[in-house]
Every structure is written in C-alpha cells, then in structure tokens.
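> Kindly return the folded structure for what I paste below:
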Amino acid sequence: MPQTPVSGDARLDVSALSYEEARDELVRVVSELERGASTLEQSLELWERGEALAGRCEEWLIGAKTRLDAARAAQASE
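Just a heads-up that it's a prediction; the model follows:
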C-alpha cells in the first residue's frame, strides 16, 4: 500500500499546493485511512495530513468566493 508522504509538520508544504493538488491528495489520504493504516501512528499522521489538506482546500474556496463576490459587486455597481 503506497504511503502518502507525511512530515512531522503536516502543514509544512501544504501552503504551496493548488486547490486541485490539495483536493487530489486529500482524496488519496481519505482512501488510505479507509483501508486502514498498519499502525496507530501512521493513522494519526494521515489524519493530520488530511486536516491540513482540507484546510488548504477551504482557503482556496474562501478566496474564490471572495473574488466572485467582488466581481458581482463591481458588476452591480456599473
């Protein structure tokens, strides 16, 4: 079973990921968690990585909503 790379700080490299990269890796992490990791420590690392990836996706979505709201407001004021 391939392991998702996890560092001591799960957020270490997440901030550089695009939405699509974070989403795709999150899908892989969830799938791996559902299959069951071999140790409790691996499960915890995967969970932490998944939380960091979900947070990154949320950041992207909030940013996209902000941009859409600004575009709609600009269009409404024209």
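> which stretches of this structure have low pLDDT?
1-12 (pLDDT under 70).
> can you give me the helices for it?
Using DSSP state H, the helices of the chain run over 19-35, 40-76.
> Let me have those in a markdown table, extended by distance to D13 and mean neighbour count.
(Each C-beta comes from the backbone N, C-alpha and C, glycine too.) Output for those, formatted as a markdown table (distance: least, C-beta to C-beta, whole Å; neighbours: other C-beta atoms under 10 Å):
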| stretch | distance to D13 | mean neighbour count |
| --- | --- | --- |
| helix 19-35 | 10 | 15 |
| helix 40-76 | 9 | 14 |
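> Contacts only, for the residue positioned nearest the centre of the chain.
The chain has L53 as the residue nearest its centroid, 2.1 Å off, counting by C-alpha atoms, centre = their mean. Neighbour list for L53: 14, 17, 22-23, 25-26, 29 [criterion: C-beta atoms under 8 Å, 6 or more residues apart in numbering].
> and of the residues you listed, the nearest to I62?
The nearest member of those to I62, counting by C-beta to C-beta, is A22 at 13.2 Å.
> Next one: the closest residue to that closest one other than its chain neighbours from Q75, what distance?
With C-beta to C-beta, 6 or more residues apart in numbering as the criterion, A22 has its nearest non-adjacent residue at 4.2 Å, and that residue is R56. As for R56, its distance to Q75 is 29 Å (criterion: C-beta to C-beta, to the nearest Å).
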